[in-house]
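*Asks:* Need coordinates for the below:
(2 chains)
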Amino acid sequence: MEQQIGLWVGAFLTMGIISFLYKDNPWYKLTEAIFVGISAGYWFVALFWDNIVGKFWIGVFDRGDYYLLVGAVLGLLMLMRLAPKIGWISRWPLSFVVGAISGFYLLNYFSSNVMLQVQSTIMPLFSPQFNDPLFTSSAGNIISNLFIAGGTFTGLVYFFFSKEHKGAFGGAAKIGIWVIMITFGASFGYTVMSRMSLLIGRMYFIFGEWLNLIG
Amino acid sequence: MRREIPLLITGIVGVVFVIQYFIPHYPFNQLNNWFSDWFSIIAACAIWLGALNLLKVSANKIYRKREDWGFSIVIIVCFLIITIIGFAEGEGFRNIGTKFDWLYQYVYTPLSSTMFALLAFFVASASYRAFRARNFDATLLLVAAFLVMIGRVPVGDAIAMKLHLPLSIYPSEISSWIMNVFNTAGQRAIMIGIALGIVSTSLRVILGIERAHLGGD
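*Replies:* Got it, this is the predicted structure:
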């Protein structure tokens, strides 16, 4: 019975959102308001049990990790934002968050998104080891590796704005923009297909699970 | 006081995280653990702040009877329903068969996935307007998008099979090649560019040169 009601509720909400394709209407606005309220409530509850109870409450009162009290005080200071007169205190926890993220990203991003990416790009075309698969790489693999190295380099040249894009540098930047355009096109196509699969899932829910028209 | 203490907090926390990377030993490793735990508690409070602010804005809209204020009542009611149920069900609120799980399965999931699925239509209509092959660059984008899309559906390979094309130029193969080679190269260039930007901005924040997060006055 609960499942049956759930299917009807799910179908009502799904069609409410899809009704926006016709035009903005009260049904869509109703489902949108439900979505906003439910999403906010979901995260409110989830973070309460996971972080406040799971991390803070159990940590302090069961394990005696009193250092967590500092985190709780900073968290409460964050909520001071709701009181306009003392809202400036919320800058303290915000500064903590900004400092932590900056410190963490400074080296970790440099290590993973710069050094490791460069390392993965500059690959030997052939391995000196006879039994290594790289030594017996097909022509296709070698060309692909050259394309990746060249594409990454010219893409970076395009993003380098401290020098005017003229001459050989301009030519490299031009190739870089082609690589970037293909990347955007590929990412676009990939995103469209992932959204389509979500849509197919919703259509399957309506015509399969709810209306039982498809097996 | 209003600017100096936040700058000091940012600097100290940032420097500790940097030192911890190079010296992962006491006391820096412990400070790193402490800061990570504090961070997750503050993150929870930040989400709470957002939710409470939503209630404040919605209540204000109802009080002033602004346009569509009735939907603000729906927001507050839905928020309260799921919150009360979630708190009442205790730590096992996510367990299968709970009322919270029912709301998640039949209200939250259909709404969120349909909302994202709706983007397929908007992306399609936006691409119809934007994807005119006005120049060579736009043509490259259009062709790459078309090849990736046709390679991700079975009909692409079915057409290639009908035309007796070699396996190496089947749409699924071309799509994979574009994703693995050109997309990798372009994404790497973008990733490296973004990372260098993040590194320089982080350094500016830790040194107190960048103060935008402190707001006005």
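*Asks:* Go ahead and flag the most central residue of chain B.
*Replies:* residue B:116 (12.6 Å; CA atoms, centre = their mean).
*Asks:* Which helix or strand contains that one?
*Replies:* Of the helices and strands defined by DSSP states H and E, residue B:116 is found in helix B:109-130.
*Asks:* Just after that helix, pick out the following helix or strand.
*Replies:* Next helix or strand after helix B:109-130 toward the C-terminus (DSSP H and E): helix B:136-151.
*Asks:* The next helix or strand along the chain from that following helix and chain A, any residue contact?
*Replies:* Toward the C-terminus, helix B:136-151 is succeeded by helix B:154-162 as the next helix or strand (DSSP H and E). No - Helix B:154-162 does not reach chain A (CB under 8 Å from any CB of the partner chain); its nearest approach is 11.2 Å. For glycine as for every other residue, the C-beta is placed from the backbone atoms N, C-alpha and C.
*Asks:* relative to helix B:136-151, how tilted is helix B:154-162?
*Replies:* 90 degrees (axes from the mean of the first three to the mean of the last three CA atoms, to 10 degrees).
*Asks:* helices or strands up against helix B:154-162?
*Replies:* helix B:171-177 (3 or more CB pairs under 8 Å, 6 or more residues apart in numbering or on different chains; DSSP states H and E).
*Asks:* do that again at 10 Å, thanks
*Replies:* Applying 3 or more CB pairs under 10 Å, 6 or more residues apart in numbering or on different chains; DSSP states H and E, one finds that helix B:154-162 makes contact with helix B:136-151, helix B:171-177.
*Asks:* Output those as CSV; include the columns distance to residue A:147.
*Replies:* Shown next, in CSV, are the helices and strands packed on helix B:154-162 (distance: least, CB to CB, whole Å):
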stretch, distance to residue A:147
helix B:136-151, 14
helix B:171-177, 9
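*Asks:* ok so, going back, go ahead and confirm the residue nearest to the centre of chain B touches residue B:110.
*Replies:* No - between residue B:116 and residue B:110 there is no contact under CB atoms under 10 Å: 11.3 Å.
*Asks:* So for these two, which residues contact both of them?
*Replies:* Taking CB atoms under 10 Å, 6 or more residues apart in numbering or on different chains as the criterion, residue B:116 and residue B:110 both touch A:17, A:202.
*Asks:* quick revisit: quick check: mean pLDDT of the helix holding residue B:116?
*Replies:* For helix B:109-130, the mean per-residue pLDDT is 84.
*Asks:* can you check stretch B:42-50 too?
*Replies:* Rounded mean pLDDT across stretch B:42-50 is 92.
*Asks:* how much space between the residue nearest to the centre of chain B and chain A?
*Replies:* Distance of residue B:116 to chain A, computed by CB to the nearest CB, to the nearest Å: 5 Å.
*Asks:* Tell me the secondary structure at the closest residue to that residue other than its chain neighbours.
*Replies:* Distances taken as CB to CB, 6 or more residues apart in numbering or on different chains put residue A:198 closest to residue B:116, at 5.4 Å, once the chain neighbours are dropped. Here residue A:198 takes the helix state, with states given by DSSP: H, G, I helix; E, B strand; the rest coil.
*Asks:* How about residue A:124?
*Replies:* Quick answer, by three-state DSSP: residue A:124 is coil.
*Asks:* so how many other residues sit close to it?
*Replies:* If you count neighbours by other CB atoms under 10 Å in any protein chain shown, residue A:124 ends up with 11.
*Asks:* Tally up the residues packed near the nearest residue to residue B:98 once chain neighbours are set aside, please.
*Replies:* Leaving aside its chain neighbours, residue B:98 sits nearest to residue B:89 (5.1 Å; criterion: CB to CB, 6+ apart). Neighbour count of residue B:89, defined by other CB under 10 Å: 17.
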